[in-house]
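Asks: Sequence and predicted structure are below.
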Amino acid sequence: MTEKKYILSIDQGTTSSRAILFNHSGEIVSVGQLEHEQIFPKAGWVEHCPIEIRDNVREVIGQALSKADVNRHEIAAVGVTNQRETAVVWDKNTGEPVYNAIVWQDTRTDMIVRELAGNEGPDKYKEICGLPLATYFSGPKIKWILDNVEGAREKAEAGDLLFGNTDTWVIWNLTGGPEGGVHVTDVTNASRTMLMDVRKLEWDANICADMGIPMSMLPEIKSSSEVYGYGAKNSLIIDTPISGDLGDQQAATFGQACFEKGMAKNTYGTGCFMLINTGHEAVTSENGLLTTLCYKIGEQEAVYALEGSIAVTGSLVQWIRDQLGLISSAPEIETLASSVEDNGGVYVVPAFSGLFAPYWKDDARGAIVGLTRYNNRGHIARAVLEATAFQTAEVLEAMNADSGVDLAELRVDGGMTANSALMQFQADILGVPVVKPKVAETTALGAAYAAGIAVGFWDGEQDVINNWQEDQRWEPKMEASERDRQMRLWKKAVTRTFDWVDDDVR
């Protein structure tokens, strides 16, 4: 019998889908990656083509296996991680989506959210689902599709439509699609829909009724680490167990070995997402954070987290590259930002999709403030980088207040951690060390660990802890008085973005 040497992780992200093969030491063996189209039909609307994502996932699996000269017989299990809150609704009989995937950044549901809130306000469901009413989450997106796609509501009520975040869509297709595909999600993804009771780990019938969502559409809620199904007969992973499923930020927390209460990580990608482990307690935030599931291993008790979600960080760098043309490639921003000593009084608040944590203002819009004739491209580039660090600092303030524990260090991952200038400024503005692990692909790695633990490839969390290794550490160097001054000016800049969108320009 062929030895099982590897775990295959599928990372279905906002801009691309990847398949990464890991060995037992948690090291990357090979990678397959394909970007998918970003569709912007109107201002504030963001969509992806689910069929393109499905086909890309199949292709990147082939890329990863062929590069490593590995076949399915050497793979112990498959884990899936995904962009959360991005909603797909499809016909269970044909496998065809009834509409494009509506992406987590999309703001078209703002009026639905306001109508649902009514006189009770955005915290109407917060005690149940841990989340404020916001355009970010999946539930209002499903309602929009059912309300606006011809025939969709009738099909849904007849039991012919299925919903899932992209984890559910990927797993359903990998396990057979219309030919017996498994319709499941895990607790972390379910906790991002606004439809799950975070303490009971069950869909809430009352919230579903308020949103007009038939519960027959919803996937079965599972743990993050158990066998959900097996690769379909027509796939490259035929009969291979699919046994890990975590939303991308929870997967990164798992991959960073943040298993102790009070440990936190921040992932720097399209957006920025900081999670702090709160143990077995679902803590309701008083400071604009989200109560979310951190992970659940098999039959073990669920572990919770508080999360601060920031919509625009890495995508701000893409914006000044693609829309403004200030740089021609993302790495150039570090050189340009380093050409000046400081931000020259310039602050960039990237409220392109409104403000997420800790403000939750969907009517905010982006602003560049503090400009004078003195300022040049370097100052704007530096302000763009610093915006990520400032937003993270505000989230950390909220976390310290909610958890009652001051963070000792922040574990970081994601593409922007390659930018040493940003990481140093992040440590400076937080006043705590920032630590990067040797394997930076912690999102895909976390899903791999969850899958491997389910089939005995790894022996629980201790193997994850043993594999984690520090690569780089940035110690804070900024004086406390300067840190306070910078944060005061940043918060002043943020207030300039509030209440920008009037009802007649939505």
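Replies: Thanks, I have it.
Asks: Which helix or which strand is home to residue 427?
Replies: helix 420-430 (DSSP states H and E).
Asks: Check residue 443 too.
Replies: Counting by DSSP H and E, the element that carries residue 443 is helix 442-454.
Asks: okay, that helix in PDB with CA atoms only?
Replies: The C-alpha trace of helix 442-454 is given here as PDB (Å, rounded to 0.1, in the frame of the first residue of the first chain):
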ATOM      1  CA  THR A 442      -0.700  29.900   7.400                       C
ATOM      2  CA  THR A 443      -4.200  30.000   5.900                       C
ATOM      3  CA  ALA A 444      -3.700  27.000   3.600                       C
ATOM      4  CA  LEU A 445      -1.600  25.300   6.300                       C
ATOM      5  CA  GLY A 446      -4.400  25.600   8.900                       C
ATOM      6  CA  ALA A 447      -6.800  23.900   6.600                       C
ATOM      7  CA  ALA A 448      -4.300  21.200   6.000                       C
ATOM      8  CA  TYR A 449      -3.700  20.700   9.700                       C
ATOM      9  CA  ALA A 450      -7.500  20.400  10.300                       C
ATOM     10  CA  ALA A 451      -7.800  17.800   7.600                       C
ATOM     11  CA  GLY A 452      -4.800  15.900   8.700                       C
ATOM     12  CA  ILE A 453      -5.900  15.800  12.400                       C
ATOM     13  CA  ALA A 454      -9.200  14.300  11.300                       C
END
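Asks: Tell me the helix or strand right after it.
Replies: helix 461-467.
Asks: residues in contact with the helix or strand that comes right after that following helix?
Replies: Next in sequence after helix 461-467, counting helices and strands by DSSP H and E, comes strand 470-474. Residues from elsewhere that reach strand 470-474 (C-beta atoms under 8 Å, 6 or more residues apart in numbering): 420, 423-424, 426-427, 433-438, 440. C-beta coordinates here come from the backbone N, C-alpha and C atoms, glycine included.
Asks: go with 7 Å
Replies: 423-424, 427, 433-438 (C-beta atoms under 7 Å, 6 or more residues apart in numbering).
Asks: ok and that strand relative to helix 420-430, angle-wise?
Replies: Computed by axes from the mean of the first three to the mean of the last three C-alpha atoms, to 10 degrees, the angle separating strand 470-474 from helix 420-430 equals 60 degrees.
Asks: so for strand 470-474, what's the average pLDDT?
Replies: Strand 470-474 shows a mean pLDDT of 94.
Asks: Direction included, what does it pair against?
Replies: Strand 470-474 pairs in its sheet with strand 434-437 (antiparallel), by DSSP bridges.
Asks: Now the strand it pairs with - C-alpha only, PDB.
Replies: C-alpha atoms of strand 434-437 as PDB (Å, rounded to 0.1, in the frame of the first residue of the first chain):
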ATOM      1  CA  VAL A 434       5.300  41.600  15.700                       C
ATOM      2  CA  VAL A 435       6.300  38.000  14.900                       C
ATOM      3  CA  LYS A 436       6.200  36.200  11.500                       C
ATOM      4  CA  PRO A 437       6.500  32.400  11.200                       C
END
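Asks: distance between the helix holding residue 443 and the chain's centre?
Replies: 16 Å (C-alpha atoms, centre = their mean, to the nearest Å).
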